Structure formats: C-alpha cells, structure tokens
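Enquirer: A structural model of the following input is requested.
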Amino acid sequence: AWEMPRIRTEDIKRAIAEDDPELLVELAKQHGEDLAAAGLTNSQIRAVFGAVRQMEGKWTTRRVGEERDADIRAGRRALLLIKPKLAYQDARQRAQEKRQDAKRPVSILKQVLDPAIDEVGSDPKRFVRFLEYFEALLAYYKDKEITQARGGGSGRAQNRQGGSR
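Expert: Okay, the predicted model is just below:
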C-alpha cells in the first residue's frame with residue numbers, strides 16, 4: 001500500500017539556508033522520486049518550475065542600488081505567490097479525490113516547496129540554491145517517471161538491451 005512520504009522540513013530549510021550540496025541532492029532525489037511515485041503529472045510540476053524560471057532574472061540581476069533592491073523585491077513577491085497557487089491546486093485535487101488514502105502528489109509538491117520558498121527570504125544566494133534544488137528534484141522526478149513508464153528497472157539499460165521491436 002502506498003504511504004504519504006515523510007517530509008523533513010528542517011532538512012529542506014537547511015539545504016536552502018546553508019551551502020550543503022550533498023544534502024540538497026539527497027533531498028531532491030528523495031522528493032523527486034516520491035513525486036513520481038505519487039503520480040504527479042509533468043504539466044503540474046512544469047507549470048511551477050516554469051514560473052520559478054521566469055523570475056530567475058530578478059534574483060540574479062546585475063543592477064545595483066535601488067534598482068537591484070527593486071528587482072529582488074519583485075523576485076521575492078513572485079516566489080511567494082507560488083505558495084497560494086500550490087494551495088489552490090492541492091485543494092482542487094483533494095476535492096476531486098474522495099478517498100482519504102488517495103495519493104495527493106500536489107500536496108507533496110506543496111510540502112517540499114513551501115519550506116524551501118520560506119527559507120529563501122530576500123537572499124539571492126538562497127534563491128539560487130532553491131533553484132538548484134528544484135532543478136535536481138525535476139531531474140530525479142523525470143528519471144523515476146521514465147523508469148516507471150518502462151516497467152521498473154533502469155530505463156537506460158532496458159533501452160540499450162531491449163532495442164526497438
């Protein structure tokens with residue numbers, strides 16, 4: 001039976017706050033695989049990731065002084081506004097799914113992104129770590145999703161050995 005994964009909020013916050021790439025990759029792998037196992041759709045994760053990518057320029061601005069501060073404030077605002085969008089998607093999914101034990105992949109996405117977003121604050125370095133975490137999470141999600149679609153084992157090995165029929 002499928003169980004809702006345990007999300008270690010404090011570890012997510014630490015991965016964003018501190019420069020700990022090992023922890024960041026470990027969490028991204030765990031969370032990406034959990035999201036794929038729960039059945040998150042490509043469009044659900046891509047919509048959120050696309051929004052984060054669009055705001056990247058605000059956080060990595062080369063402008064200085066007040067212009068830089070304004071860019072970072074705009075980036076912070078855009079990042080924070082992802083939280084209500086996730087809450088809305090999660091509520092819609094819960095309303096559609098009547099069973100209590102149902103897999104709720106958007107709820108998992110919300111649980112892993114909300115604390116990471118909170119930890120960014122107004123710090124561009126933390127935003128970059130958040131983006132790295134999200135990119136790695138997306139990569140592990142896709143890897144697991146492809147592996148599942150092929151029926152289990154290592155997708156690359158199956159493809160090489162099995163060839164096309």
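Enquirer: what about the residue nearest to the spatial centre of the chain, which helix or strand?
Expert: Nearest residue to the geometric centre of the chain (Cα atoms, centre = their mean): residue 134, 4.3 Å. Residue 134 is part of helix 124-149, with elements assigned from DSSP states H and E.
Enquirer: elements contacting that helix?
Expert: Where contact means 3 or more Cβ pairs under 8 Å, 6 or more residues apart in numbering; DSSP states H and E, helix 124-149 is packed against helix 9-17, helix 21-38, helix 42-59, helix 65-80, helix 105-120, helix 155-162. From N, CA and C alone the C-beta is placed, and that goes for glycine too.
Enquirer: got the angle for that helix vs helix 42-59?
Expert: Following axes from the mean of the first three to the mean of the last three Cα atoms, to 10 degrees, one obtains 160 degrees for the angle between helix 124-149 and helix 42-59.
Enquirer: what number of residues are in the vicinity of residue 97?
Expert: 12 (other Cβ atoms under 10 Å).
Enquirer: tell me the contacts of the spatially closest residue to it that is not a sequence neighbour?
Expert: Excluding the flanking residues, the one nearest residue 97 by Cβ to Cβ, 6 or more residues apart in numbering is residue 104, at 6.8 Å. Residue 104 sits next to 4, 38, 90, 93, 94, 97 when contact means Cβ atoms under 8 Å, 6 or more residues apart in numbering.
Enquirer: want to throw the residues you listed into TSV with secondary structure and distance to residue 119?
Expert: As requested, the contacts of residue 104 are arranged in TSV below (DSSP: H, G, I helix; E, B strand; the rest coil; distance: Cβ to Cβ, whole Å):
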residue	secondary structure	distance to residue 119
4	coil	22
38	helix	23
90	helix	20
93	helix	25
94	helix	25
97	coil	29
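Enquirer: tell me the least confident of those residues?
Expert: Across these, the bottom pLDDT score, 73, is held by residue 4.
Enquirer: got the contact list for it?
Expert: 103, 104, 107, 108.
Enquirer: so who does residue 94 touch?
Expert: Contacts of residue 94 by Cβ under 8 Å, 6+ apart are 104, 107.
Enquirer: distance of it from residue 48?
Expert: Separation of residue 94 from residue 48 (Cβ to Cβ, to the nearest Å) stands at 17 Å.
Enquirer: okay, and residue 87 sits in which element?
Expert: Secondary-structure assignment from DSSP H and E places residue 87 in helix 82-96.
Enquirer: what are the buried residues along that helix?
Expert: The neighbour-count check on helix 82-96 (16 or more other Cβ atoms under 10 Å) flags 82, 86, 89, 90, 93 as buried.
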